[in-house]
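Student: Build the 3D model from these lines:
(one chain, ligands or ions: 1)
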Amino acid sequence: MNSPILLWFRKDFRLADHPMLDAAVRSGRPIIPVFILDEVVETYGAAPKWRLGEALQEFRRQLERLGSRLILRRGKAKECLLTLTQETGAQDIWWGRTYDPNSITRDTEVKTALKAAGYNARSFRGHLLFEPWVVETKQGGFFKVYSPFWRAVKDRNIPFPRPTPEKLAASTNWPQSEDIANWALGSAMNRGAQVIAQHAVVGEAAALQRLNTFLDGPIKAYKERRDFLAEPATSRLSENLAWGEISPRTIWHAGMRARHKGAPGAECFLKELVWREFAYHLAYHSPQITTRNWREEWDSFPWSEEDDEDVLRWKQGRTGIPLVDAAMRELYLTGYMHNRSRMIVGSFLTKHMMKHWRIGQKWFEDCLIDWDPASNAMGWQWMAGSGPDAAPYFRIFNPETQAKKFDPDRAYITRFVSELSPDPGSEASSFYEFCPRSWHLTPNLPYPDPIVDLSEGRLRALAAYQARRDQK
Ligand code: FAD
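Tutor: Numbering: from 1, shown residues only. Reported below is the predicted structural model:
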């Protein structure tokens, strides 16, 4: 029993509160940490791939400080793991579960192949607070509505986070590792990586620092201020959760401690964290949410899937609607977009512009450094009206009213849209410097007229909605 254990890391680049790592350390056996640029990872969009590269480099440094290494391989997961078992003599291959449909398909194939070849394949929890199958309705099914899901989980006993190991037992027989530089994980980002790098907060220590900064201040007024677009009122932890640089349990218990100390916004924050759980609950039980209308009756809705000139203007932040443009440029320049902005640009695309939500889902997948397959799919279907527990289609955000309410002094708009700022700051100006050359945009272009009249667009969307209802 002294053969090494292969630990296959995927989206769990941390040492603390890591059930798989914890079990491996306790076994006392040598550990070989591995990351594979496999068939699922190859499909990631430009910004997630770049951000993954940053996470890997930081995680490798962390492992090295504990006397270990991170072995990198590229190829089909199943084949790489089988090769590694032969090279190292490992009999045990462990990993932390992820629950999006592509990962589940890959992991099922890997598990079957490893078991058929006589190896011990074992998976661990850690990505979520609650495994998707442990939360059930009274009738025994899965939840389709958030509020009862929250009520079902809010008082559950969640174990405290596990400590960080002080040392990892090194292998005496390290296999070769590929060089991350040869993977060029940022190549699809072109000039964008340079600008987003200023906003990314990478690694476990930085994630913890981010949590502490949030607990020291913004959590108190989180409930009242979290929708104000220019304020640092939310935690920004989605980026670190997406790559597993902090565990949801660590955040949950920090939120609970804040609640016990009387922080007024803590309960609201915990509820938001549970939206992420709900997204995975839905993706696990109804995987079609990531690719098709969750409600089939929306299949006949006349959304256009054409990636045309108007879609390009939406992506470029040149729709002529200031709040939408600020949000789209925030996305491009920082790899992040405020939650309310995500809802506003989603409503604008699927309602005023009558474009399919999949177009937006795909663009976010390419641009977000906190890209998460379950939250992104749920967010888009929620916004479009085709998902479970969705915002009703007839609730159409008016970006002008939203701007008056949540960006009253236009700080957000002027931060990102140089044409609308009397004295553009470096962020707004850098958009033209860093956007793709193929867009042929220059800072001296006049700010465009709206691509759609807000009242006409709204009425057109409502008419289409009514027509779909009449068809039933
Ligand atoms: P906070 O307000 O500090 O919330 C704390 C945590 O709760 C977040 O980090 C996140 O993990 C979770 N959370 C908060 N709101 C939501 C929500 N609505 N759905 C699911 N989890 C939530 N989130 C992603 O992490 N990745 C995505 O790819 C993603 N795509 C989205 C697409 C659309 C169209 C919409 C409407 C929302 C999407 N969200 C996504 C959810 C949400 O916008 C982000 O989680 C949030 O903006 C992250 O900022 P924060 O960490 O400061 O959140």
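Student: Please identify the helix or strand for whatever residue of the stretch 1-150 of the chain ends up closest to the ligand.
Tutor: Nearest to the ligand, among the residues of the stretch 1-150 of the chain, is residue 48, at 8.9 Å (C-beta to the nearest ligand atom). (C-beta placed from N, C-alpha, C; glycine too.) Element membership of residue 48, judged by DSSP states H and E, is helix 46-65.
Student: which outside residues touch that helix?
Tutor: 9, 13-15, 33, 35, 41, 44, 69-70, 72, 168, 180, 183, 185-186, 188-189, 192-193, 196-197, 200, 202-204, 239, 242-243, 245, 335, 365-369, 371 (C-beta atoms under 8 Å, 6 or more residues apart in numbering).
Student: Can you list the buried residues in it?
Tutor: Using 16 or more other C-beta atoms under 10 Å as the test for burial, helix 46-65 gives 46-60, 62-63.
Student: again, but for stretch 416-434
Tutor: For stretch 416-434, by 16+ other C-beta under 10 Å, it's 416-419, 421, 424, 427-428, 430-432, 434.
Student: Over to stretch 213-233?
Tutor: 214-215, 218-220, 222-223, 226-231, 233.
Student: Go through those residues and name the one nearest residue 409.
Tutor: Nearest to residue 409 among the buried residues of stretch 213-233: residue 230, at 7.9 Å, using C-beta to C-beta.
Student: distance of the closest one from residue 326?
Tutor: Remark: distance between residue 230 and residue 326 (C-beta to C-beta, to the nearest Å) = 9 Å.
Student: shared neighbours, these two?
Tutor: Counting by C-beta under 8 Å, 6+ apart, the common neighbours of residue 230 and residue 326 are 407, 412, 415.
Student: What helix or strand is the last one located in?
Tutor: The one in question is residue 415. Per DSSP H and E: helix 411-416 holds residue 415.
Student: In terms of secondary structure, what does the following helix or strand past that helix contact?
Tutor: Tracing the chain C-terminally past helix 411-416 and defining elements by DSSP H and E, one meets helix 426-434 next. Applying 3 or more C-beta pairs under 8 Å, 6 or more residues apart in numbering; DSSP states H and E, one finds that helix 426-434 contacts helix 192-196, helix 322-334, helix 411-416.
Student: could I get the longest one in PDB with only the CA atoms?
Tutor: Once non-C-alpha atoms are left out, helix 322-334 reads as follows in PDB (Å, rounded to 0.1, in the frame of the first residue of the first chain):
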ATOM      1  CA  PRO A 322     -25.000  53.600 -22.600                       C
ATOM      2  CA  LEU A 323     -25.600  51.200 -19.800                       C
ATOM      3  CA  VAL A 324     -25.600  48.100 -22.100                       C
ATOM      4  CA  ASP A 325     -22.400  49.400 -23.700                       C
ATOM      5  CA  ALA A 326     -20.700  50.100 -20.400                       C
ATOM      6  CA  ALA A 327     -21.500  46.600 -19.200                       C
ATOM      7  CA  MET A 328     -20.300  44.900 -22.400                       C
ATOM      8  CA  ARG A 329     -17.000  46.900 -22.200                       C
ATOM      9  CA  GLU A 330     -16.600  46.000 -18.500                       C
ATOM     10  CA  LEU A 331     -16.800  42.400 -19.600                       C
ATOM     11  CA  TYR A 332     -14.200  42.900 -22.300                       C
ATOM     12  CA  LEU A 333     -11.800  44.900 -20.200                       C
ATOM     13  CA  THR A 334     -12.000  43.100 -16.900                       C
END
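Student: what mean pLDDT does it have?
Tutor: Helix 322-334 comes out with an average pLDDT of 97.
Student: For it, which outside residues touch it?
Tutor: 192, 195-196, 199, 229, 314-319, 336-338, 341-342, 344-345, 348, 364, 367-368, 399-400, 402-403, 407, 410, 412-413, 415-417, 420, 427-428, 430-431, 434-435.
Student: swap in the first one?
Tutor: Under the criterion C-beta under 8 Å, 6+ apart, residues 46-47, 50, 186, 189, 332-335, 369, 430, 434, 436 lie in contact with helix 192-196.
Student: got TSV for the residues you listed, with distance to residue 123 too?
Tutor: Output for the contacts of helix 192-196, formatted as TSV (distance: C-beta to C-beta, whole Å):
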residue	distance to residue 123
46	29
47	28
50	27
186	30
189	32
332	36
333	38
334	34
335	29
369	26
430	43
434	40
436	39
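Student: tell me which of these is nearest to residue 461?
Tutor: Proximity to residue 461 was ranked across those by C-beta to C-beta; first place goes to residue 332, at 25.6 Å.
Student: Neighbours of the closest one, how many?
Tutor: Neighbour count for residue 332, taken as other C-beta atoms under 10 Å: 24.
Student: Check the one 10 residues further on too.
Tutor: For residue 342, the count of nearby residues is 21 (other C-beta under 10 Å).
Student: Tell me who's in contact with it.
Tutor: So residue 342 contacts 327, 364, 379, 383 (C-beta under 8 Å, 6+ apart).
Student: Confirm that the third one sits in a helix.
Tutor: Yes - counting by DSSP: H, G, I helix; E, B strand; the rest coil, residue 379 falls inside a helix.
Student: How far does the helix or strand harbouring residue 149 sit from its chain's centre?
Tutor: Element membership for residue 149, per DSSP H and E: helix 146-153. Distance, stretch centre to chain centre, for helix 146-153: 22 Å (C-alpha atoms, centre = their mean, to the nearest Å).
Student: what comes into contact with that helix?
Tutor: 129-130, 135-137, 143, 271, 274-275, 277-278, 281, 389.
Student: Could you list the buried residues of that helix?
Tutor: 146, 149-150, 153.
Student: Apart from its chain neighbours, what residue comes closest to residue 68?
Tutor: Among residues not flanking residue 68 along the chain, residue 168 sits closest, at 4.1 Å (C-beta to C-beta, 6 or more residues apart in numbering).
Student: any low-confidence regions in this structure?
Tutor: 1, 472 (pLDDT under 70).
Student: give the contact list for whichever residue of the stretch 251-400 of the chain sits closest to the ligand.
Tutor: Proximity of the stretch 251-400 of the chain to the ligand (C-beta to the nearest ligand atom) peaks at residue 379, 2.5 Å away. Listed by C-beta under 8 Å, 6+ apart, the contact set of residue 379 reads 279, 342-343, 346.
Student: Could you check how far the nearest residue to residue 10 once chain neighbours are set aside is from residue 284?
Tutor: Of all residues not flanking residue 10 in the chain, residue 98 sits nearest, at 6.0 Å (C-beta to C-beta, 6+ apart). Computed as C-beta to C-beta, the residue 98 to residue 284 distance reads 10 Å.
Student: Now the common contact residues for those two.
Tutor: residue 104.
Student: do you know how far residue 320 is from residue 451?
Tutor: 6 Å.
Student: Correction: the previous question concerned residue 157.
Tutor: From residue 157 to residue 451 the distance is 52 Å (C-beta to C-beta).
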